[in-house]
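Asker: I'll drop the sequence and a predicted model, then ask my questions.
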Amino acid sequence: MKKNIIKNIISFVFLSFVFFVAGHLASSVAQAQSANLVILPTNLPANPGGIKAILENILKWILGIFGTIAIISFVVSGLQYFMAAGDEKNMDTAKRNMTYSIIGIIVALASFVIIQAIDTALRGNSTTF
């Protein structure tokens, strides 16, 4: 069970990294090709961010949902611990759930920091986020 959770967390972070890098590569390729490319006007509204902005927004939503679920599970496990009323089995279950939710919060925050660090590194500047 624990191995599956760790594998899922690692897979999530890896896929987030892959999508983020793919967005930056697609953006840089599009910028390189647009120097020689003539685009005819279509009278459609311009997409300000392209695929990079779409991927960034998806990642922000996923991280926000993941973090929110982790915080909610932390509160629920606290209520479980409170409602255990001295029953050792229920208290151990609540402690285990609380540990997993703390790990989830740490992973959500760490993945956000990692994505921002990769973004800064790929842009080649030292802007703050």
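Answerer: Happy to help now that I have it. Quick caveat, the model's predicted, so the values are computed rather than measured. Residues are numbered from 1 along each chain as shown.
Asker: C-alpha from now on. contacts and neighbour counts both.
Answerer: Will do.
Asker: wait, F112 sits on L63?
Answerer: Yes: here F112 reaches L63: they are 7.1 Å apart, a contact under CA atoms under 8 Å.
Asker: Tell me how far S101 lies from A121.
Answerer: Per CA to CA, to the nearest Å, S101 is found 30 Å from A121.
Asker: Settle it for me: which of the two has more neighbours?
Answerer: For S101 versus A121, neighbours defined as other CA atoms under 10 Å are more numerous around S101 (22 against 12).
Asker: who's in contact with that one?
Answerer: S101 makes contacts with A70, I71, S73, F74, as judged by CA atoms under 8 Å, 6 or more residues apart in numbering.
Asker: In strands, which of the residues you listed appear?
Answerer: With strands defined by DSSP state E, no entry of the contacts of S101 lies inside them.
Asker: Now tabulate these in a markdown table and tack on distance to M83.
Answerer: Below are the contacts of S101 laid out as a markdown table (distance: CA to CA, whole Å):
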| residue | distance to M83 |
| --- | --- |
| A70 | 20 |
| I71 | 18 |
| S73 | 15 |
| F74 | 14 |
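Asker: And these, which is closest to I10?
Answerer: A70 (16.2 Å; CA to CA).
Asker: residue contacts, that closest one?
Answerer: By CA under 8 Å, 6+ apart, A70 lies in contact with S101, I102, G104, I105.
Asker: P48 in helix, strand or coil?
Answerer: coil (DSSP: H, G, I helix; E, B strand; the rest coil).
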